[in-house]
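Chemist: Provide a 3D model corresponding to the input given below.
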Amino acid sequence: MEVLFMKKIFAFLIALIVGAALAAGGMFYMNLKSQPQVDAKGLMERLEEASELTVAKNYYTGIVRFKEGKIPLISKNGFTMKYEAVIDAGFDLENVKIEVTDDVVTVTVPHSEIQSITIDPDSLEFYDNKTSLIKTDRKEATKKALQEAEKDAEKHATGKGILEEADKHAEVVFKGILADGVGNRQIVVVFDDEKDAGQTDAGSDSDDDQAGNDSADTEDANDAEGEEAESVE
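Modeler: Purely as a prediction, here's the structure:
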């Protein structure tokens, strides 16, 4: 009777183990199905297919002054130019790196930069025209004034924090582009200087540990020499 009972218990345990193994195998299979095969190259192509990685815009109306020549009435010319500009900030794809594991997609990006400054030619207005006997080349003067306008617009935009604003949107932008192609992997977005800083800190800790070990080895050696000297005496 006891033997029959033990056989039933043994059979029940075997069935339980087999059932657990099948369940684990099923979960593993389902996990494989939910995790598409992904590589860094494919994800980079997805980024490149995005219409643009401009994530911040700034609209600015500015004024610049053009001057040339030094002698009033003879060679000194100039004018004031009002303009309207659109400044775009975003990320340079050439410096984006992607690493893929079974669980995580790590996107390492540079900080944002000014991508373009577009000045509306229809917005240009000219004031305070000063002319002299030696006339200026108006077309060339306007070209130089536009170059100064671009510098002025960029200075304004960076001062207003457009790059910082673009950086804040980095995680949302990259996750939005890649999310539907990585399965249930986590997407982590880090800036390249932060990653480098982390590696540097790790290296410093390792150096500190090595220095500590070297120091301990030196102390042990000194102790050994002291013990040897005492034994000689």
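
Chemist: in the chain, which spans are strands?
Modeler: 54-68, 77-90, 97-100, 104-109, 113-119, 125-130, 186-191 (DSSP state E).

Chemist: Relative to Asp39, which of those strands is closest?
Modeler: strand 97-100 (6.1 Å; Cβ to Cβ). C-betas here are computed from N, CA, C, even on glycine.

Chemist: What helices and strands are in contact with the closest one?
Modeler: In terms of contacts (3 or more Cβ pairs under 8 Å, 6 or more residues apart in numbering; DSSP states H and E), strand 97-100 is packed against helix 40-49, strand 104-109.

Chemist: Make sure Ala85 is actually in contact with Asp120.
Modeler: Yes - counting by Cβ atoms under 8 Å, Asp120 is a contact partner of Ala85 at 7.3 Å.

Chemist: Look at these two and report which has more neighbours.
Modeler: Ala85 (23 against 12; other Cβ atoms under 10 Å).

Chemist: Between the helices and strands packed on strand 97-100, which has the poorest mean confidence score?
Modeler: Of all the helices and strands packed on strand 97-100, helix 40-49 carries the lowest average pLDDT, namely a mean of 81.

Chemist: For it, output the C-alpha coordinates as CSV.
Modeler: Coordinates of each C-alpha in helix 40-49 appear next as CSV, following Å, rounded to 0.1, in the frame of the first residue of the first chain:
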residue,chain,number,x,y,z
ALA,A,40,22.1,48.7,-34.7
LYS,A,41,22.4,49.2,-38.5
GLY,A,42,18.6,48.7,-39.0
LEU,A,43,17.8,51.2,-36.3
MET,A,44,20.2,53.7,-37.8
GLU,A,45,18.4,53.3,-41.1
ARG,A,46,15.1,54.0,-39.4
LEU,A,47,16.6,57.2,-38.0
GLU,A,48,17.9,58.3,-41.4
GLU,A,49,14.4,57.7,-42.8
